[in-house]
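Visitor: I would like the atomic coordinates for the input below:
(chains A and B)
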Amino acid sequence: MLRTKTCGEARASDAGHEITLAGWVHRRRDHGELTFIDLRDRYGITQVVAHAKENAAAHAALKDARSEWVLQVSGTVRARPEGTRNSKLATGDVEVVAGRVTVLNESKTPPFYVNEETEVEETLRWKYRYIDLRRERSKELMRLRHEVTNFMRSYFVERGFWEIETTMLIRSDPTGARDFVVPSRYYPGKVWALPQSPQQLKQILMVGGIDKYVQIARCFRDEDPRADRIYELTQLDVEMTFVEPEDVMEIVEGCYTAVFDKFAKKPLHRRPLPRMTYDEAMKRFGTDRPDTRFGLELVDLTDVFRGTSFGVFRDSIAEGGSIRALVVPGKADATRKDIDGWTAVAKTRGAKGLVSFAFAGSEVRSPIAKFLSAEELGRLRSVSGAKDGDLVLAVAAEYRVASRSIGEVRRQLGAELRLVDGSTHHAMWIHRFPMFERELDGRWSRRQRARRREHPHLQPCDAGARVRDPRHLQGGGRGPLQRAPRRIGVRRAAGGRHRHRRGPDRDDPGRPIERPRDDRVPQDADGVRPVARRAGPDRSKAARGSRPARRREAGPAVDLAV
RNA sequence: GGUCCCGUGGUGCAGCGGCCUAGCAUACGUCCCUGUCAAGGACGAGAUCGCCGGUUCGAAUCCGGUCGGGACCGCCA
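Guide: Numbers count the residues shown, from 1 in each chain, chains lettered A, B, ... in the order given. Below you'll find the model as predicted:
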């Protein structure tokens, strides 16, 4: 071994012992005849000292060393003189008096700071990944990710799950994201697909009787990247047989809350985790990932303006649209600039415009006031609950567009007006997502991939219930949805229950799912339907997506609000 | 496929028609210094302002193009 201790290890009790350290020069403090060096490795930092009159060779070596050189230092551990201890370092009570210093490698001046936490452009950090990894933050993220992953694996293994690796080179699945593709040398002209998730593969395990499976699985999706999205991501993938949805939610929630207890800096707001349906989330917050850390809930003004003479609202309602709005307390004095800004925000989600109503005394200031009757304005006030001095912002559009637009404005206002209570994590389940969605023009899609929000093999909730129109079926759950302070709502997991029987039975909502009246039949994924004839049991799944580790930082599997 | 933003010494930022011979901090180099820990002090080197073209008496600054980066929409079962 080139070292007998790490740079994070020496303590006062080691005083008098001879040790050897190896590490990088973190910092050097040169006082002339007295020179200090902070030597760094993965475990910490230890101060090394040399004096010209006591050990000229060692002193010269420390003096010549530069940032990020790799040194091996042998010397004696000594308690630091009274008053010179450094409480910021774990090893701060001692120092190593350099005896022999060996330069293991010299280094050019690094392209960016290793010893300071300043922001550095990401492309540069990636170019010099090996240097970036030496920095405290990068290193801590690596450690955290390791610990969380390890914890989750143990959690499931202790509960009887088998961790099983599934194949990476598979056939393409027509559903979902675009596949990454690998050319096959053996079958010229053909390609392998990389899994978007272990979906089909784990189902085979279930049908094969491996009734509790877990995997920390790598997934590949060839979609356009975003800030929190990348081609390659890791998910905790779970599937169980002979269980009910509640069983899966319980075990996933158990894991999730345990991870928070162990690693998060802030507590969960509530447990058990609250549950909210997709419909409720859209109605109250205008998004399927609501930020519940502040109020400012949406109100629906469609009925207020039914029969209005204001053309835009009237036409929109006549076309089946809705008027969705927010009451912003005390903002009647908002400037034109403010309102233009919020209008721009609403437009990012498809709104054509944003109408404001400022309630100031008996007066209602609004660009469309002249189109409205006193009665309408009165109803607007009572239905919205706006008080004197409040501002109402409204969007008219198809229900989803209007909701999402005004929901986005709500999100913006939450940040802008500092309404967010960031003292806890608001994690929650959002469930009963619609299995099909209308196009924005209100018609059901005729496209091959339909407006299918869920996996085609998902079993709807209310299985067995007689459903008049399969397109109204609600699917599985999403959640827990985590609210982290600087991230707006991150889908943390998704899951559902699969259809497992063929369904000639009209009461089985499984069958019509594939044949919504004016939708084309999606191609079934290879292999899944055939195995249903081989007595597959029920299957319930959950996939807990890690935040697709940002390209830049090997982020933790769970965003822990660092 | 689309919209918007940003490219200035090694790094992070400022300057946004002439006051710029491009400023600040830090890093880097040399020298001084016996207890520092973001050590301190002195001196010094380092950038034709991503690139190409245009407007102008004059461009880091305005315009167009291009390359690179970022954010977002579409997309992401």
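Visitor: which residues does the residue of the stretch 251-400 of chain A found nearest RNA strand B contact?
Guide: Nearest residue of the stretch 251-400 of chain A to RNA strand B, counting by C-beta to the nearest atom of the strand: residue A:348, 5.1 Å away. From N, CA and C alone the C-beta is placed, and that goes for glycine too. Going by C-beta atoms under 8 Å, 6 or more residues apart in numbering, residue A:348 touches A:405, A:408.
Visitor: and what of the one 3 residues further on?
Guide: For residue A:351, the contact set (C-beta under 8 Å, 6+ apart) comprises A:343, A:395, A:397, A:401, A:402, A:405, A:406.
Visitor: buried stuff in stretch A:348-363?
Guide: A:349, A:350, A:351, A:354, A:355, A:356, A:357, A:358, A:359 (16 or more other C-beta atoms under 10 Å).
Visitor: what's the distance between that stretch and the middle of its chain?
Guide: Relative to the mean C-alpha coordinate of its chain, stretch A:348-363 is positioned 32 Å out (C-alpha atoms, centre = their mean, to the nearest Å).
Visitor: do the same with stretch A:376-385
Guide: With C-alpha atoms, centre = their mean, you get 39 Å for stretch A:376-385.
Visitor: so where's the stretch 201-350 of chain A uncertain?
Guide: Scanning the stretch 201-350 of chain A for pLDDT under 70 picks out A:228, A:245.
Visitor: Show me which residues of it sit near RNA strand B.
Guide: A:221, A:223, A:224, A:225, A:226, A:227, A:228, A:229, A:348, A:349 (C-beta under 7 Å from any atom of the strand).
Visitor: Could you find the closest non-adjacent residue to residue A:39?
Guide: residue A:23 (4.3 Å; C-beta to C-beta, 6 or more residues apart in numbering).
Visitor: Which secondary structure state is assigned to residue A:287?
Guide: For residue A:287, the assignment made with DSSP: H, G, I helix; E, B strand; the rest coil gives coil.
Visitor: any idea how far it lies from residue A:319?
Guide: The gap separating residue A:287 from residue A:319 is 23 Å, by C-beta to C-beta, to the nearest Å.
Visitor: between these two, which one's more packed in?
Guide: residue A:287 (21 against 12; other C-beta atoms under 10 Å).
Visitor: So for that one, what's the nearest residue that isn't a sequence neighbour?
Guide: In space, residue A:287 is closest to residue A:407, 4.4 Å off (C-beta to C-beta, 6+ apart).
Visitor: check contacts around the one you found.
Guide: A:282, A:285, A:286, A:287, A:290, A:298, A:349.
Visitor: helix or strand for it, which one?
Guide: helix A:399-416 (DSSP states H and E).
Visitor: Which elements pack onto the next helix or strand after that helix?
Guide: Once the chain leaves helix A:399-416, the next helix or strand it forms, by DSSP H and E, is strand A:428-431. Secondary-structure packing of strand A:428-431 (3 or more C-beta pairs under 8 Å, 6 or more residues apart in numbering; DSSP states H and E): strand A:275-277, helix A:278-285, strand A:477-484.
Visitor: so what secondary structure elements neighbour the second one?
Guide: Okay, so that is helix A:278-285. With 3+ C-beta pairs under 8 Å, 6+ apart as the test, helix A:278-285 has helix A:399-416, strand A:428-431 packed against it.
Visitor: quick one, it and helix A:399-416 angle?
Guide: 50 degrees (axes from the mean of the first three to the mean of the last three C-alpha atoms, to 10 degrees).
Visitor: quick one: contacts of helix A:278-285?
Guide: Against helix A:278-285 from outside (C-beta under 8 Å, 6+ apart): A:287-292, A:297-298, A:300, A:400, A:403, A:407, A:410, A:430-434, A:474.
Visitor: mind checking pLDDT for residue A:8?
Guide: pLDDT, residue A:8: 95.
Visitor: ok, it to residue A:81 distance?
Guide: Look at residue A:8 and residue A:81: by C-beta to C-beta, they are 22 Å apart.
Visitor: Please work out how many residues are found near residue A:422.
Guide: Residues within reach of residue A:422, counting by other C-beta under 10 Å, total 15.
Visitor: my read: it touches residue A:293, true?
Guide: Yes. Contact criterion C-beta atoms under 8 Å: residue A:422 and residue A:293 qualify, at 6.8 Å.
Visitor: on that earlier part again, so does the helix holding residue A:407 get close to RNA strand B?
Guide: No. Using C-beta under 7 Å from any atom of the strand, we find that helix A:399-416 stays clear of RNA strand B, coming within 7.9 Å at best.
Visitor: Can you list the buried residues in that helix?
Guide: Neighbour-count burial for helix A:399-416 flags A:399-414 (criterion: 16+ other C-beta under 10 Å).
Visitor: Same question for stretch A:330-337.
Guide: A:331, A:332, A:334.
Visitor: So for the second one, what's the nearest residue that isn't a sequence neighbour?
Guide: Looking back up the chat, that one is residue A:332. That would be residue A:358: by C-beta to C-beta, 6+ apart, it lies 4.0 Å from residue A:332.
Visitor: what kind of secondary structure is the one you found in?
Guide: Strictly by three-state DSSP, residue A:358 counts as strand.
Visitor: Which positions are bridged to it in the beta structure?
Guide: residue A:365, residue A:391 (DSSP bridges).
Visitor: Quick check, pLDDT for it.
Guide: Taking residue A:358 on its own, its pLDDT is 94.
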